[in-house]
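J.: build the 3D model from these lines:
(one chain, ligands or ions: 2)
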Amino acid sequence: MEKKNIDWANLGFGYIMTDQRYVSNYRHGAWDDGCLTTDATVTMSECAGVLQYAQTCFEGLKAYTTEKGQIVIFRPDLNGQRMEDSARRLEMPVFPKERFVDAVIQTVRANAAYVPPFGTGATLYIRPYMFGSSAVIGVKPAEEYQFRVFTTPVGPYFKGGAKPLTICVSDFDRAAPHGTGHIKAGLNYAMSLHAIVTAHENGFDENMYLDAATRTKVEETGGANFIFVTKDNKVVTPKSDSILPSITRRSLIYVAKEYLGLEVEEREVYLDEVKDFAECGLCGTAAVISPVGKVVDHDKEYVFASGMEKMGPITQKLYDTLTGIQMGHLEAPEGWIQVVE
Ligand code: PLP
Ligand code: COI
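T.: Ligands and ions are numbered 1, 2, ... in the order given. Below you'll find the predicted structure:
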């Protein structure tokens, strides 16, 4: 298979239309068989549930080319499970996780020419999503839904690649206690747009959101969880019911303990303690692990010991081990790597 003529090494995190996408429709209480299509557009009622009341959720995962030239995806079963959880919380019909994994594999296989070659630093980002497509005008769930998967080749999420980021403590809240912060609902991202535009206008790369109830604890950013490293090399990651259960973070906890022999604490992290950490990173599918150099909390600034030039040493080890597993130079734990072809 011949790869597309794309400048892989200089890709940003943007949308490039690829050849095929997967579509399945839910009507009369059941999902149809689903199929691949070349049609990249969606036609639906002007009164669709997604357009009126934002009834939509999504997932994000990546396909990688390994050193040996295989195309693989990372832990797609966990994305399938999380999408089931999102659907239930949004009163949407569940698209079963086994079918989710199959749809992802079919879509990646059909777009194999867009999976960036090994060593380019780029990957194929996979975006499964689901939305209410039938008309609703009273506030209630739609009766019809569409599940789709498209792919797009991507480079680093943050411009500047591995250069440490400067983030600010946001004055806006991302998620309420007992709200929807723990699921991947489109509405969580719609309401974060004003906060991220404001952060960018003020010269920051991202927001650090605090817990909405007390505004004393670190939650996450708009698109990634936090990991911190203490001065004695302990990995600390915030625990909260209102953050997204990141698959990257859960994988890093395992990698830190089992591959690197590090101590890991999943616990509440107070904003007051941030100044005491040696390293900080943002972790997620899109972010991979992006180092944070500085946190600005209004008139206070905390620069981590790892500085503004490079990733801290423990963050680097976590990054190298995780990407080594994803790219196939390190042996993966059972079930983490799904070979597409
Ligand atoms: N937190 C938020 C708000 C996200 O959107 C994402 C991205 O999916 C993550 C964390 C990271 O999750 P994962 O590692 O499963 O991609
Ligand atoms: C991902 O990492 O897959 C996400 O969905 C984050 C998004 C903000 C790009």
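
J.: any idea of the pLDDT on whatever residue of the chain ends up closest to ligand 2?
T.: Per CB to the nearest ligand atom, Gly60 is where the chain lies closest to ligand 2, at 2.2 Å. The C-beta positions use only the backbone N, C-alpha and C, and glycine is treated the same way. Gly60 is assigned 98 on the pLDDT scale.

J.: how about the one 10 residues further on?
T.: As summarised for this prediction, Gln70 has a pLDDT of 97.

J.: could you do the one 10 residues further on as well?
T.: The per-residue pLDDT reported for Gly80 equals 98.

J.: got the contact list for it?
T.: By CB atoms under 8 Å, 6 or more residues apart in numbering, the contact list for Gly80 reads 59, 96-98, 100-101.

J.: 6 Å instead, please
T.: Counting by CB atoms under 6 Å, 6 or more residues apart in numbering, Gly80 makes contact with 97, 100-101.

J.: tell me the secondary structure at it.
T.: What DSSP: H, G, I helix; E, B strand; the rest coil gives for Gly80 is helix.

J.: quick one on the thing from earlier: what's near enough to touch the residue of the chain closest to ligand 2?
T.: Thr285.

J.: partners of the one helix or strand Phe147 maps to, with directions?
T.: For Phe147, the element it lies in under DSSP states H and E is strand 145-154. Here strand 145-154 has these sheet partners by DSSP bridges: strand 21-27 (antiparallel), strand 123-132 (antiparallel).

J.: pop the domain breakdown of this structure in here.
T.: 8-154, 165-326 (automatic domain parsing).

J.: hang on, the earlier thing: now tell me what touches whichever helix or strand comes after the strand holding Phe147 from outside.
T.: Once strand 145-154 ends, the next helix or strand along the chain (criterion: DSSP H and E) is strand 165-169. Residues outside strand 165-169 that contact it (CB under 6 Å, 6+ apart) are 199, 204-206, 208, 290, 292, 294-297.

J.: go with 10 Å
T.: Residues from elsewhere that reach strand 165-169, judged by CB atoms under 10 Å, 6 or more residues apart in numbering: 158-159, 195, 198-199, 202-210, 215, 218, 221, 226, 271, 274, 280-282, 287, 290-298, 300-303, 308.

J.: neighbouring strands of that strand in the sheet, and parallel or not?
T.: The strands beside strand 165-169 in its sheet (DSSP bridges) come out as strand 206-208 (parallel), strand 288-297 (parallel).

J.: mean confidence score for stretch 123-136?
T.: Stretch 123-136 shows a mean pLDDT of 98.

J.: now the buried members of the contacts of strand 165-169.
T.: Buried subset of these (neighbour count, 16 or more other CB atoms under 10 Å): 158, 195, 199, 204-210, 218, 221, 226, 271, 274, 280-282, 287, 290-297, 302.

J.: so how far is Ile73 from Ala48?
T.: 30 Å (CB to CB, to the nearest Å).

J.: compare these two (neighbour count), which wins?
T.: Taking other CB atoms under 10 Å, Ala48 and Ile73 do not tie; Ile73 has more neighbours (25 against 22).

J.: got a list of contacts for the helix or strand harbouring the more buried one?
T.: Applying DSSP H and E as the criterion places Ile73 in strand 71-74. Outside strand 71-74, the residues within contact range by CB under 10 Å, 6+ apart are 1, 61-66, 79, 101, 104-105, 108-109, 111-112, 115, 123-124, 126, 247-248, 251, 285, 322, 325-328, 332, 336-341.

J.: would you verify that Glu301 is located in a strand?
T.: Yes: counting by three-state DSSP, Glu301 is located in a strand.

J.: quick check: it touching Val295?
T.: Yes: look at Glu301 against Val295 with CB atoms under 10 Å: they come within range, at 7.5 Å.

J.: identify the contacts common to those two.
T.: Common neighbours of Glu301 and Val295 (CB under 10 Å, 6+ apart) are 166, 168, 275.

J.: on that earlier part again, out of the contacts of strand 71-74, which are buried?
T.: Among those, the ones that count as buried by 16+ other CB under 10 Å are 61-65, 79, 101, 104-105, 108, 111-112, 115, 123-124, 126, 247-248, 251, 285, 322, 325-328, 336-338, 340.

J.: contact partners for Ala176?
T.: 211-213, 242.

J.: separation between it and Asp211?
T.: Taking CB to CB as the measure, Ala176 falls 10 Å from Asp211.

J.: need the overlap of contacts for these two.
T.: In contact with both Ala176 and Asp211: Ser242, using CB under 10 Å, 6+ apart.

J.: and Lys159, what pLDDT?
T.: With respect to pLDDT, Lys159 has a value of 82.

J.: the protein against ligand 2: which residues are in contact?
T.: Residues of the chain found near ligand 2 (CB under 6 Å from any ligand atom) are 60, 223, 284-286.

J.: now, which of those lie within strands?
T.: Of these, the ones assigned to strands by DSSP state E are Gly284.

J.: which of the residues of the chain next to ligand 2 lies closest to Pro153?
T.: Among these, Ala286 lies closest to Pro153 (CB to CB), at 13.0 Å.

J.: done for today, thanks.
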